[in-house]
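Engineer: Model the following, please.
(one chain, ligands or ions: 2)
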Amino acid sequence: MSPSAFTALLEAFSEPVLVVRETGTVQTANSAAQELFGKRILGAQLRAILRQPEVTALLERMIDGAEQGCAPYATSDASSERHWKVTARRMDADTFIVSLRDTSDLEAAEAQRRDFVANVSHELRSPLTVLAGFLETLQGAAAHDPDARSEFLRIMQAETERMTGLVSDLLSLSRVEASARIRPRDPVAIDMVLNATLAALRPQIEQAGLEVVRDLPDDLPPVPGDYDQLVQVYHNLIENALKYGADGGKIEIAAHVVPRLPGLDGPALRVAIRDHGEGIDPIHIPRLTERFYRVDRARSRESGGTGLGLAIVKHILGRHRGRLIIRSHPGEGSTFETILPLS
Ligand SMILES: Nc1ncnc2c1ncn2[C@@H]1O[C@H](COP(=O)(O)OP(=O)(O)OP(=O)(O)O)[C@@H](O)[C@H]1O
Ligand SMILES: [Mg+2]
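Structural biologist: Ligands and ions are numbered 1, 2, ... in the order given. As a prediction, this is how the structure comes out:
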């Protein structure tokens with residue numbers, strides 16, 4: 001192979017690839033490698049640049065004549081840490097090839113999966129512990145105490161409902177994720193969605209003694225969407241306003257068309273749900289849409305919450321190519337705004 005063909009071959013790899021002499025100095029490096037380590041890499045001792053024990057050991061084995069091997073390597077800059085898998089393979093007696101594969105995303109996904117499983121297990125364990133405890137009491141100490149029995153059964157029912165709620169939230173999250181790439185296109189009348197949601201939440205609204213102020217123009221255009229999923233979005237947002245913003249006395253729901261927004265091609269429908277409750281500390285806002293994230297775990301739990309609601313909202317809006325904007329100041333209530341593109 002001609003030297004220029006060989007260079008072209010190395011350039012065809014988007015990940016860093018280096019050709020190293022048996023002495024350990026770098027003979028050739030493709031652009032990705034030069035970008036990662038700088039041009040100083042050419043002619044340098046690779047050990048002096050990839051200065052981490054496992055990589056050094058790998059390079060020494062290769063210099064000693066090993067056929068192949070791999071080692072983990074980590075780089076970091078001010079904003080992020082990246083993980084790499086370094087693979088070395090002998091090319092001929094005098095040279096070997098070293099390539100780096102970026103495994104950061106894989107590792108992040110793996111960590112996320114572990115967190116998720118830990119969270120789900122934790123959320124299921126507490127109601128199960130309560131159920132097990134009460135079952136034991138009902139069979140023993142409280143077996144002949146009708147008052148205690150009905151109180152315990154009430155608590156057991158609430159815990160069972162919490163588990164059912166968690167499982168159905170998990171199922172809807174996975175359904176939304178599974179359909180994330182398919183953009184829904186049925187014409188959906190948002191005022192119908194909002195009115196249906198408010199009707200379903202009527203008992204809770206009355207119980208909280210809240211006034212709901214609607215500002216829904218008659219001529220709202222339909223949005224391309226999935227009716228049931230959009231009901232889920234507004235159900236959670238309005239329910240949150242009820243649960244966490246009830247002290248404010250009223251919630252306002254307003255919808256209107258916005259002609260242009262940065263990042264969107266055409267007009268969009270903006271729906272704002274505003275409460276006048278206690279508001280949210282700004283440090284929590286960016287994390288609210290994470291699964292299981294709750295500002296006040298105990299309090300959300302008391303009201304049967306699992307912290308999956310806003311994660312589901314975010315996924316559904318993402319599927320609709322829309323977004324969620326959260327504005328809040330402690331003591332001044334919160335506004336949750338959905339933006340749904342009209343075309
Ligand atoms: N309108 C609001 N005012 C103040 N805090 C809010 C409001 N909406 C949401 N939050 C905070 O955001 C957290 C996450 O909300 P999310 O809807 O994801 O979960 P949840 O309501 O606790 O549980 P779930 O929706 O699964 O029943 C809540 O626990 C609460 O701390
Ligand atoms: Mg919620």
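
Engineer: helices or strands up against the helix or strand encompassing I238?
Structural biologist: In the assignment (DSSP states H and E), I238 maps to helix 227-245. Packed against helix 227-245, as judged by 3 or more C-beta pairs under 8 Å, 6 or more residues apart in numbering; DSSP states H and E, are the following elements: strand 186-188, helix 190-208, strand 250-258, strand 268-275, helix 309-319, strand 334-341. Bear in mind the C-beta positions are built from the backbone N, C-alpha and C, glycine included.

Engineer: counting contacts, what elements does the last one pack onto?
Structural biologist: Same thing as strand 334-341. In terms of contacts (3+ C-beta pairs under 8 Å, 6+ apart), strand 334-341 is packed against strand 223-225, helix 227-245, strand 268-275, helix 309-319, strand 323-328.

Engineer: before we move on, back to that, quick check: mean pLDDT across the helix holding I238?
Structural biologist: Taken as a whole, helix 227-245 has an average pLDDT of 95.

Engineer: Who does R327 form a beta bridge with?
Structural biologist: T335 (DSSP bridges).

Engineer: and it, what does it touch?
Structural biologist: In this structure, R327 makes contact with 334-335, 337, judged by C-beta atoms under 8 Å, 6 or more residues apart in numbering.

Engineer: What's the separation between it and E337?
Structural biologist: Applying C-beta to C-beta, to the nearest Å, the value for R327 to E337 is 7 Å.

Engineer: What are the phi and psi values at D219?
Structural biologist: phi -100, psi 30 (degrees, to the nearest 10).

Engineer: Would you point out which residue of the chain is nearest ligand 1?
Structural biologist: G309 (2.2 Å; C-beta to the nearest ligand atom).

Engineer: Find the nearest non-adjacent residue to that residue, please.
Structural biologist: Leaving aside its sequence neighbours, G309 sits nearest to N236 (C-beta to C-beta, 6 or more residues apart in numbering; 3.9 Å).

Engineer: likewise I280?
Structural biologist: Nearest to I280 is S328, by C-beta to C-beta, 6+ apart, at 4.2 Å.

Engineer: Throw the helices and strands packed on helix 227-245 into a markdown table and include distance to S126 and mean neighbour count, thanks.
Structural biologist: Formatted as a markdown table, the helices and strands packed on helix 227-245 follow (distance: least, C-beta to C-beta, whole Å; neighbours: other C-beta atoms under 10 Å):
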| stretch | distance to S126 | mean neighbour count |
| --- | --- | --- |
| strand 186-188 | 37 | 14 |
| helix 190-208 | 24 | 16 |
| strand 250-258 | 30 | 17 |
| strand 268-275 | 28 | 22 |
| helix 309-319 | 18 | 21 |
| strand 334-341 | 27 | 21 |
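
Engineer: With ligand 2 as the reference, name the closest of these.
Structural biologist: Nearest of the helices and strands packed on helix 227-245 to ligand 2, taken as C-beta to the ion: helix 309-319 at 2.9 Å.

Engineer: How about that closest one and ligand 2, any contact?
Structural biologist: Yes - for helix 309-319, a contact with ligand 2 is found by C-beta under 5 Å from the ion, at G309.

Engineer: Can you work out which other helices and strands pack against that helix?
Structural biologist: So helix 309-319, by 3+ C-beta pairs under 8 Å, 6+ apart, packs with helix 146-178, helix 227-245, strand 323-328, strand 334-341.

Engineer: got CSV for those, with distance to G24 too?
Structural biologist: As requested, those are arranged in CSV below (distance: least, C-beta to C-beta, whole Å):
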stretch, distance to G24
helix 146-178, 47
helix 227-245, 57
strand 323-328, 51
strand 334-341, 55
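
Engineer: which stretch among these comes nearest A5?
Structural biologist: Closest of these to A5 is helix 146-178, at 44.3 Å (criterion: C-beta to C-beta).

Engineer: What are the buried residues along the closest one?
Structural biologist: In terms of neighbour count (16 or more other C-beta atoms under 10 Å), helix 146-178 has its buried residues at 152, 156, 159, 162-163, 166, 169-170, 172-173, 176.
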